[in-house]
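Asker: Provided below are the primary sequence and the corresponding predicted coordinates.
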Amino acid sequence: MLFRVSAKLRLLLLLPALSPAWVYAQSLEGVLMPGELISDHAKWEQECRKCHIPFRKDAQPDLCLDCHKKTAADVRTRTKFHGTLDDKTCRLCHTEHKGRKAVITVPDIKKFDHDRTFALKGGHKKIASKCASCHLPKVKYKDAPRECDSCHHKDDVHKGKLGKKCEQCHNETDWKNTKNLFDHSKTRFKLEAGHADVECKACHKNKEFKDTPRACVACHKKDDDKNKKGHRGRFGPKCETCHTAKKWTDITFDHDRDTKYKLLGKHIRASCVSCHTGWLYRDKLKTNCVACHRKDDQKNKNGHRGKFGDKCETCHTEKSWKDIKFNHDRDTKYKLLGKHIQATCVSCHTGWLYRDKTSTKCIDCHRKDDRNKGHKGKLGNRCESCHNEDGWKIKAFDHSKSRFPLTGIHMRVECKKCHKTTNYKDAPSACDRCHLKDDVHKRRLGLDCETCHNTRTWKSWDYDHSKTGFLLDGGHRTVECYACHKTPMRKAKVRVVRDCFACHAKSDVHRGAFGKDCARCHTGGAWLPAARG
């Protein structure tokens, strides 16, 4: 039986005789081609060596990559889908010779591992079978955009102001759920403490995240204005200088460390605004006490009304306004004694402390007392001569330093017994001025009472008659004073009678015949018998 030979086969049999060897090989491959190439490869249909090397199937992938340079780059860098494949044999997925209209780049959805290109998670996983949702017509699968904005541009409520990196805040599960996704610490403003739980919209108004102000006052201006503890803008915008993100009322500012003015005593508990009443960064706060305590100096009875100057710290402490540290004994030349210790400062310092020098003379403070007590200046200005600081009553006067030292019972006599008037310096020192009524001698013995009497007791007297020039001996010892001193003696000195005849004229039995010198015969021991010469 004869076989019918096709025209194509006959031509093939005649080629060896009519053509060179290479033409023969090409023609043979063309005859054996399983089908037409796709439209993109049609121009290479007669050049099989562009894609095939005879008897070497393993060389085909390299020939494919020679033309498909972008894919070759992915394979070389091991990126994108082709770079992650273990088997780089192109024909496994892209089978050629299926005709001009064949599409050899459409993957098998059931077999395609999308995780090698773009892992589908959350909401993306739900639309895995709807490739057209992301892969637009006439766009190669490998060129499908990976940025969220490419698909979600219409969903962008930020209107592009935050850029295209939606994944920084959003995830695939829920577009509206942004919590715990965005790492705020990678921005210029790290969220700490109280800021960590605050909703985004609380700080990012109008959903404008870019260029959001970082200054505290941008968000907390209302807190600064609305309550009593607010500074109402007077402390400036640098809230972080004092406040922390943990709690608005938590103050970290250390006045001792951060300023040159240490807080002591009640200043520690004082609120900031009690001292900082002006604009913090504009009005420099004065550190002198009177700047804050001028009202305290003016308003009450204990206030000095500016008369003590501005150096409050000289006397007062931060512990208490009434706590006085000034030591009058140590810090001045005038020690406070007795009742002066309890006296208030203003009772002595009535003028301007640093302008009017306070006198240390008693009379300058006690002139009224001198007038009320009756001296009326008659005793001079040296009150300390009689008085001391323990009391106005006389306790300190040393009478021994006066013209009349006190001895005996005079020491127990009240001053007013001798000082009948307040003119003490004119008080009499003569005995008879006080003891005239007590003078039983009726002045016959003169006015010099101290000649016989002493201050131990009025009834005791110790007059030494021998010092007069007339010795009392014998019978003279028992004779009363009046027997000789018969007339009152008004002079200061007692007139001494030394001749016997003056007293014994009546007893002279000689009637003057022997003269008046009785002592020639008689003695003071006894008048009789007379001595014989």
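Answerer: Received the coordinates, thanks.

Asker: Contact partners for residue 405?
Answerer: Residue 405 is in contact with residue 399, counting by Cβ atoms under 8 Å, 6 or more residues apart in numbering. Heads up, the C-betas are built off the backbone N, CA and C, glycines and all.

Asker: how close does it get to residue 499?
Answerer: From residue 405 over to residue 499 the distance is 39 Å, taken as Cβ to Cβ, to the nearest Å.

Asker: go on, residue 120?
Answerer: Remark: distance between residue 120 and residue 499 (Cβ to Cβ) = 165 Å.

Asker: Over to residue 235?
Answerer: Here the distance between residue 235 and residue 499 works out to 116 Å (Cβ to Cβ).

Asker: more neighbours, these two?
Answerer: For residue 235 and residue 499, the more surrounded residue by other Cβ atoms under 10 Å is residue 235, and the numbers stand at 19 against 13.

Asker: Next, find the distance separating the more buried one from residue 252.
Answerer: Applying Cβ to Cβ, one obtains 14 Å for the distance of residue 235 from residue 252.

Asker: same question, residue 414
Answerer: Using Cβ to Cβ, we find residue 414 at a distance of 74 Å from residue 252.

Asker: With residue 241 instead?
Answerer: From residue 241 across to residue 252, the span is 9 Å (Cβ to Cβ).

Asker: Compare the two (neighbour count), which wins?
Answerer: Neighbour totals were compared for residue 241 and residue 252, and residue 241 leads with 14 against 11 (other Cβ under 10 Å).

Asker: if I look at the residue found closest to the more buried one once you drop the neighbours it is linked to in the chain, how far off is residue 193?
Answerer: Distances taken as Cβ to Cβ, 6 or more residues apart in numbering place residue 253 nearest to residue 241, at 6.2 Å, with adjacent residues excluded. Between residue 253 and residue 193 the distance is 17 Å, computed by Cβ to Cβ.

Asker: Repeat that for residue 96.
Answerer: Look at residue 96 and residue 193: by Cβ to Cβ, they are 65 Å apart.

Asker: Looking at these two, which is more packed in?
Answerer: For residue 96 versus residue 193, neighbours defined as other Cβ under 10 Å are more numerous around residue 96 (18 against 11).

Asker: Can you say which helix or strand has that one in it?
Answerer: Residue 96 is part of no helix or strand, with elements assigned from DSSP states H and E.

Asker: so where's this structure uncertain?
Answerer: Applying pLDDT under 70 to the chain picks out residues 1-31, 179-180, 207, 226-230, 300-303, 354-355, 373-374, 395-396, 487-498, 531-533.

Asker: For residue 61, what is the enclosing helix or strand?
Answerer: Under the criterion DSSP H and E, the helix or strand holding residue 61 is helix 60-67.

Asker: so after that helix, what's the next helix or strand?
Answerer: Sequence order places helix 69-77 as the next helix or strand after helix 60-67, per DSSP H and E.

Asker: need the next SSE after that next one, C-terminal direction.
Answerer: Tracing the chain past helix 69-77, the next element assigned as helix or strand by DSSP H and E is helix 80-84.

Asker: how about that following helix: buried residues?
Answerer: Buried residues in helix 80-84, counted by 16 or more other Cβ atoms under 10 Å: 80, 81, 82, 83.

Asker: How far away from the center of its chain is the helix or strand just after it?
Answerer: Proceeding N to C from helix 80-84, the next assigned helix or strand is helix 123-126, under DSSP H and E. Using Cα atoms, centre = their mean, to the nearest Å, we find the averaged C-alpha position of helix 123-126 to lie 61 Å away from the chain's own average C-alpha position.

Asker: what's next to helix 123-126, contact-wise?
Answerer: When contacts are defined by Cβ under 8 Å, 6+ apart, helix 123-126 is touched by residues 172, 173, 174, 175.

Asker: try it again with 10 Å
Answerer: For helix 123-126, contacts defined as Cβ atoms under 10 Å, 6 or more residues apart in numbering pick out 114, 118, 119, 120, 133, 134, 151, 171, 172, 173, 174, 175.

Asker: Turn the buried residues of helix 80-84 into CSV, including distance to residue 288.
Answerer: Conversion of the buried residues of helix 80-84 to CSV gives the following (distance: Cβ to Cβ, whole Å):
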residue, distance to residue 288
80, 76
81, 79
82, 82
83, 78
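
Asker: which of those residues sit farthest apart?
Answerer: Taking Cβ to Cβ as the measure, the buried residues of helix 80-84 reach their widest spread between 81 and 83, a distance of 7.2 Å.

Asker: what touches both of the two?
Answerer: Common neighbours of residue 81 and residue 83, counting by Cβ under 10 Å, 6+ apart, are 71, 74, 116.

Asker: Now that we have these, which of them are buried?
Answerer: If you count burial by 16+ other Cβ under 10 Å, the buried members of these come out as 71, 74.

Asker: ok, so of the shared contacts of residue 81 and residue 83, who is nearest residue 185?
Answerer: Comparing the shared contacts of residue 81 and residue 83 against residue 185 with Cβ to Cβ places residue 116 closest, at 32.0 Å.

Asker: ok, the closest one - contacts?
Answerer: Contact partners of residue 116, counting by Cβ under 10 Å, 6+ apart, are 80, 81, 82, 83, 84, 85.
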